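Trainee: My questions concern the predicted model and sequence given below.
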Amino acid sequence: MVPVARFQFAGPQEKLRLDICVANGLAEVSRSAAQKFVRDGAVTVNGAIETRPSHNVLPGTEIQVDVPEPEVVGELVAVSQTFRVAYEDEHLLVIDKPIGLSVHPGPGHESDTLVNGLLVDYPEIREVGEPDRPGIVHRIDRDTSGLIIVARTQRTYDPLSEMIREHRMRRTYIALIRGGPDTGEGVIDAPLGRDPRHRQRQAIIENGREARTRFRVLERLARTTLMELELETGRTHQIRVHLSSIGNPVVGDALYGRAAKGPAGLSRQFLHAAALSFKHPITDEAMTLTSPLPEDLQLSLEAARRE
């Protein structure tokens with residue numbers, strides 16, 4: 001269960017920034033960590049989620065913080081894992097991640113992640129990026145397969161991270177969804193934050209963080225639709241929440257959908273990070289990497305076509 005902290009801002013100031021209130025209210029939490037809690041939708045002000053660290057808090061305001069589980073920041077161990085390297089040079093890697101493999105260590109997965117596996121053959125990434133997720137520029141869910149980019153040097157990490165922040169890296173996904181949208185293509189533009197009723201989920205929140213997903217229908221089937229989706233932003237569970245919000249959840253998505261299994265007994269969400277397009281941060285070369293549907297998704301798609 002996620003720990004919850006509740007406190008009231010009592011002054012003596014007439015008003016105070018929310019991030020400062022959170023840092024003051026939680027022992028041993030830095031202001032930068034408090035800002036991250038706010039931006040991630042983990043803070044409510046008088047019962048409403050507030051994602052602006054600069055929001056002014058008045059005396060008497062009730063503040064609640066869903067304190068995230070502590071990250072694993074101890075010595076990361078190198079443990080061999082199975083994954084395919086789609087591309088590598090001296091500056092970066094593109095990994096084709098299989099299902100069931102978490103990207104970086106966390107509670108319950110301290111040594112069986114992609115990061116642990118990368119450290120076996122690419123120990124230099126230990127000094128790149130954030131200490132608990134070295135080299136990792138962006139993430140995909142444990143049960144989502146497909147492409148993820150890894151920086152081998154800090155010189156590469158910084159511009160790649162900037163590309164993600166400024167939406168200059170094209171990330172394309174393939175999904176099979178229940179039903180189908182009315183139009184052949186469009187944009188889902190709805191802000192996301194932590195679901196106040198189910199704290200392990202994300203939800204569309206009025207004051208949440210901006211989130212935009214482009215979609216295009218690839219193939220309409222009897223009960224499902226094959227979709228191509230492109231992230232304009234990269235929020236937690238963004239595609240899954242956005243598709244569920246329009247009544248077309250990802251097939252096999254037990255958290256945001258209906259049936260836990262998909263065609264051919266698929267036991268995970270039908271979501272695959274199929275392509276990455278970006279400009280190489282060192283050579284300036286335009287790059288596009290692709291990943292075919294893994295066997296379990298291909299079998300499920302074939303079964304859906306027979307329904």
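Mentor: Received it, and whenever you're ready, just let me know what you need.
Trainee: CA only for contacts and neighbour counts going forward, please
Mentor: OK.
Trainee: who's the closest residue to G179 other than its chain neighbours bridged to?
Mentor: In this structure, G179 finds its nearest non-sequential neighbour in T224, 4.7 Å apart by C-alpha to C-alpha, 6 or more residues apart in numbering. Beta-bridge partners for T224, by DSSP bridges, are R178.
Trainee: show me what contacts T224?
Mentor: Counting by C-alpha atoms under 8 Å, 6 or more residues apart in numbering, T224 makes contact with L176, I177, R178, G179, G180, A304.
Trainee: and with 6 Å instead?
Mentor: I177, R178, G179 (C-alpha atoms under 6 Å, 6 or more residues apart in numbering).
Trainee: And F7, by the same measure?
Mentor: With C-alpha under 6 Å, 6+ apart, F7 has these contacts: I63.
Trainee: If we use 8 Å, what do you get?
Mentor: Residues near F7 by C-alpha under 8 Å, 6+ apart: G25, E62, I63, Q64.
Trainee: Apart from its neighbours in sequence, what residue is nearest the residue most central in space within the chain?
Mentor: The centroid of the chain falls nearest to T236 when counting by C-alpha atoms, centre = their mean (3.5 Å). Counting by C-alpha to C-alpha, 6+ apart, Q202 is the residue found nearest to T236 once chain neighbours are left out, at 7.2 Å.
Trainee: Run a quick neighbour tally on that neighbour.
Mentor: Neighbours of Q202 under the rule other C-alpha atoms under 10 Å: 25.
Trainee: that older thread, considering the contacts of T224, which is situated nearest to N56?
Mentor: Each of those was checked against N56 using C-alpha to C-alpha; the closest is I177, at 41.2 Å.
Trainee: burial count for the closest one?
Mentor: I177 is flanked by 28 other residues according to other C-alpha under 10 Å.
Trainee: my read: it touches P249, true?
Mentor: Yes - I177 is in contact with P249 according to C-alpha atoms under 8 Å; the separation is 5.5 Å.
Trainee: what touches both of these two?
Mentor: Common contact partners of I177 and P249 (C-alpha under 8 Å, 6+ apart): L243.
Trainee: Remind me which helix or strand the spatially closest residue to I239 that is not a sequence neighbour belongs to.
Mentor: Once flanking residues are discounted, I239 sits nearest to T213: 6.8 Å by C-alpha to C-alpha, 6+ apart. Secondary structure assigned from DSSP states H and E places T213 in strand 212-220.
Trainee: wait, doesn't P292 sit right on A274?
Mentor: Yes - assessed by C-alpha under 8 Å, P292 is found in contact with A274 at 6.6 Å.
Trainee: Can you show me the helices along the stretch 201-307 of the chain?
Mentor: Taking DSSP state H, counting those that start in this stretch as the test, the helices found in the stretch 201-307 of the chain are 238-245, 295-306.
Trainee: With only the CA atoms kept, save the helix or strand bottoming out on mean pLDDT in the chain in CSV.
Mentor: Within the chain, confidence by mean pLDDT, DSSP states H and E is lowest for strand 4-8 among all helices and strands, at a mean of 76. Taking Å, rounded to 0.1, in the frame of the first residue of the first chain, the C-alpha atoms of strand 4-8 are listed here in CSV:
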residue,chain,number,x,y,z
VAL,A,4,-0.2,8.6,2.8
ALA,A,5,0.8,11.7,4.6
ARG,A,6,-1.7,14.3,5.7
PHE,A,7,-1.1,17.7,7.2
GLN,A,8,-2.4,21.3,7.3
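Trainee: in that strand, what's buried?
Mentor: Across strand 4-8, burial judged by 16 or more other C-alpha atoms under 10 Å covers Q8.
Trainee: Could you give me the buried positions within the helix or strand containing T156?
Mentor: According to DSSP H and E, T156 maps onto helix 154-165. For helix 154-165, a neighbour-count test (16+ other C-alpha under 10 Å) marks Q154, T156, Y157, P159, L160, S161, M163, I164 as buried.
Trainee: for the residues you listed, which one is nearest A42?
Mentor: Ranked by distance to A42 (C-alpha to C-alpha), the buried residues of helix 154-165 are led by I164 at 22.1 Å.
Trainee: Go ahead and confirm S277 touches Y173.
Mentor: No - counting by C-alpha under 8 Å, S277 sits too far from Y173 to count as a contact (11.9 Å).
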